[in-house]
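Participant: here is the input, now give the coordinates:
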Amino acid sequence: MKKYLDRIKKFGHKITYQRMEILRVLFKHEELLTVKRLHLKLKNRIDLASVYRTINLFKDLKIIFEEKINDQSFYYLSDHPHHHIMCRNCGFIKCIPCQQEIPKIKDFTEVSHQLTLKGLCKKCSNNLKI
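Facilitator: Purely as a prediction, here's the structure:
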């Protein structure tokens, strides 16, 4: 968690109570979280507007990354973006590494991409065979 705190300081931001608490929850829960789910995990210790502001700051600092699944934004703490596969039956989500190397594109900076795979998890596949 220290590397994320160092990144916040490196870019001239303070380590506030709200930022620390949100970082702790993201660090503790390795799952994808919506802002509302994150707010619930914080047990209302921090108001929803502060959670949104902190999420936006963390995205700008590349401490967290956003994944859009079914028109909903999910966030995850990571050193680098990666991809996810989601079971279309039960909603289970698993991280998968990104092996795509994006070439330099003239007249563009900070190029990113997003890929969400969908399928059936092992549990759901086994239940269909019964």
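Participant: how is the chain carved up into domains?
Facilitator: Following automatic domain parsing, the chain resolves into domains at 2-77, 83-128.
Participant: which of those sits most buried?
Facilitator: Compared across those, domain 2-77 shows the largest average neighbour count, a mean of 15 (mean count of other CB atoms under 10 Å). No exception for glycine: its C-beta is placed from N, CA and C like everyone else's.
Participant: the helix or strand harbouring Lys118 pairs with which strands?
Facilitator: Assigned by DSSP states H and E, Lys118 falls within strand 116-119. If you go by DSSP bridges, strand 116-119 pairs up with strand 83-87 (parallel).
Participant: how about the CA coordinates for the partner strand, as CSV?
Facilitator: Provided in CSV are the C-alpha atoms of strand 83-87 (Å, rounded to 0.1, in the frame of the first residue of the first chain):
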residue,chain,number,x,y,z
HIS,A,83,-8.7,-7.4,-18.3
HIS,A,84,-11.6,-9.3,-16.8
ILE,A,85,-13.8,-12.2,-17.7
MET,A,86,-17.3,-12.3,-16.3
CYS,A,87,-19.6,-15.3,-16.0
